[in-house]
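>>> give me the fold of what follows.
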Amino acid sequence: MADLYSIEKKFKELFNETPLLLRSPGRINLIGEHTDYNMGFVLPGAIDRAIYFAITPRNDKLCKIYAYDLNDNYEFSVNEIQHSEKGWPNYLIGIVDQLNQLGYNINGFNLVFGGDIPIGAGLSSSAALEAGLAYALNSIYDLKISKLDLVKLSQKSENEFVGVKCGIMDQYINIFGEQNKLLKIDCRTLEYEYEPFEFNNIAIVLFNTGVSHSLASSEYNLRRKECKVGVEIVRKDFPEINSLRDVSLEILNEYKNKMTNKIFNRCKYVIEENDRLLKACDALKKKDLTTLGNLLYQTHEGLSKDYEVSCEELDYLVDLTKEHSSIYGARMMGGGFGGCTINLIEKDAVDYVCNLFSKKYKEKFGIELKYYVTSISNGTNFQNIYENEKLRTK
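As a prediction, this is how the structure comes out:
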């Protein structure tokens with residue numbers, strides 16, 4: 001995996017220029033799962049794993065891209081936008097396509113990128129690519145696009161060009177992230193507030209199950225439909241209701257006999273999850289780790305039992321944490337059926353816990369457990385390699 005220095009070195013080898021350097025982070029979502037498409041809240045944070053860009057503008061319309069971690073390259077013209085069969089270039093071509101559609105007249109660019117966000121772990125490497133390039137082009141061509149509009153065009157690029165119907169959270173936190181702060185995003189209004197994450201003795205650790213069950217995509221779409229069915233049932237008597245965000249638990253309980261148990265449980269989880277997120281924000285302000293951790297466990301219980309998007313591997317990893325007082329909370333993170341769990345662990349215990357869990361997980365499933373120790377960092381920004389070098393050599 002690449003770091004800022006190797007990206008700059010490779011760029012100079014390929015293009016013999018001094019590039020602008022940019023860091024575009026991955027993200028975690030502490031709490032608020034499957035709430036985005038129900039117009040609820042999410043609470044992500046940018047992390048210290050990132051994709052690094054080295055980029056310069058060109059005087060023509062050609063875009064020359066080198067993917068450091070893949071040892072692969074691609075070229076295309078700003079004036080001739082087409083999908084690439086290679087796959088990975090589409091996350092970048094889509095951003096240029098969006099700028100074209102919005103009427104921005106840009107030239108091409110030379111670009112080398114790479115980083116240390118693990119692919120497929122649910123840490124949003126795709127949004128880091130998209131939002132990172134959008135941020136870079138906005139600066140080098142002085143397009144004066146607002147930060148929120150960069151978020152929206154990056155999401156639209158993934159929806160329309162890449163073809164993934166993602167929500168807006170990943171691109172939002174990539175651009176707006178701040179160190180030691182989580183971002184409470186209202187997915188209905190797109191308003192946001194920063195919430196403190198100031199626990200000096202706590203590490204955020206992600207355990208990667210190493211599995212990705214094929215159910216994930218189809219079941220994701222099914223959950224969206226099931227939530228919509230629940231809303232339509234309640235809406236017959238309350239036409240002002242547009243999403244589960246507008247439904248209280250009291251109202252839902254009145255309609256329990258008018259919907260299947262499955263639909264009721266889906267809706268109940270979403271309503272409770274929004275409430276848990278608001279309580280989590282209060283706990284963060286009070287630095288109340290015990291309450292925060294319990295809310296994470298409640299979220300996992302809801303995702304596993306009511307929303308039914310967990311799997312044996314995720315449940316096993318969360319259950320393991322309950323045996324250790326150094327772990328305050330854990331839950332599955334992301335759409336479900338695989339991916340990572342997110343865990344709040346005392347820093348002094350991280351090595352012991354990771355080694356123990358790796359051993360037990362291998363014995364149980366025959367899979368090497370990968371884990372990532374992260375912290376909350378800034379969102380996308382330009383980097384001064386010389387300042388970084390001073391810090392690195394101190």
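>>> please count neighbours and contacts with C-alpha atoms only from this point.
Will do.
>>> hang on, Gly336 packs against Tyr307?
No. Taking C-alpha atoms under 8 Å as the definition, Gly336 is not a contact partner of Tyr307, at 9.8 Å.
>>> more neighbours: those two, which one.
Gly336 (27 against 22; other C-alpha atoms under 10 Å).
>>> apart from its chain neighbours, what residue comes closest to that one?
Nearest residue to Gly336 in three dimensions, chain neighbours excluded: Val309, at 4.9 Å (C-alpha to C-alpha, 6 or more residues apart in numbering).
>>> which residues of the stretch 201-350 of the chain score low on pLDDT?
The stretch 201-350 of the chain contains residues with pLDDT under 70 at 213-217.
>>> what segments of the stretch 51-200 of the chain are strands?
With DSSP state E, counting those that start in this stretch as the definition, the stretch 51-200 of the chain shows strands at residue ranges 62-67, 72-77, 109-115, 181-186, 192-196.
>>> the ones you listed: which one's closest to Glu363?
Go through those one by one with C-alpha to C-alpha and the one that ends up closest to Glu363 is strand 109-115, at 31.2 Å.
>>> who's in contact with stretch 121-137?
Identification of contacts with stretch 121-137 by C-alpha atoms under 8 Å, 6 or more residues apart in numbering yields 22-28, 50-51, 53, 55, 91-92, 94-95, 117-119, 143, 150-151, 154-155, 157-158, 170-171, 174-175, 208, 333-334, 339-340, 380.
>>> try 7 Å this time
Where contact means C-alpha atoms under 7 Å, 6 or more residues apart in numbering, the residues beyond stretch 121-137 that reach it are 24-28, 51, 91-92, 95, 117, 119, 150-151, 154, 170-171, 174-175, 208, 334, 339-340, 380.
>>> contact partners for Arg23?
Arg23 makes contact with 50-53, 380-383 under the criterion C-alpha under 7 Å, 6+ apart.
>>> buried residues in the biggest helix by length in the chain?
In the chain, taking DSSP state H as the definition, the longest helix is helix 261-286. Across helix 261-286, burial judged by 16 or more other C-alpha atoms under 10 Å covers 263-278, 280-281, 283-284.
>>> just want the angle from that helix to strand 192-196.
Per axes from the mean of the first three to the mean of the last three C-alpha atoms, to 10 degrees, the angle that helix 261-286 makes with strand 192-196 is 60 degrees.
>>> for the next helix or strand after helix 261-286, give me every contacting residue.
Using DSSP states H and E, the helix or strand that follows helix 261-286 in sequence is helix 289-301. Counting contacts by C-alpha under 7 Å, 6+ apart, the residues outside helix 289-301 that touch it are 31, 273, 276, 280, 283, 328-332.
>>> now for those, which pair is the farthest apart?
Ala283 and Met332 (19.8 Å).
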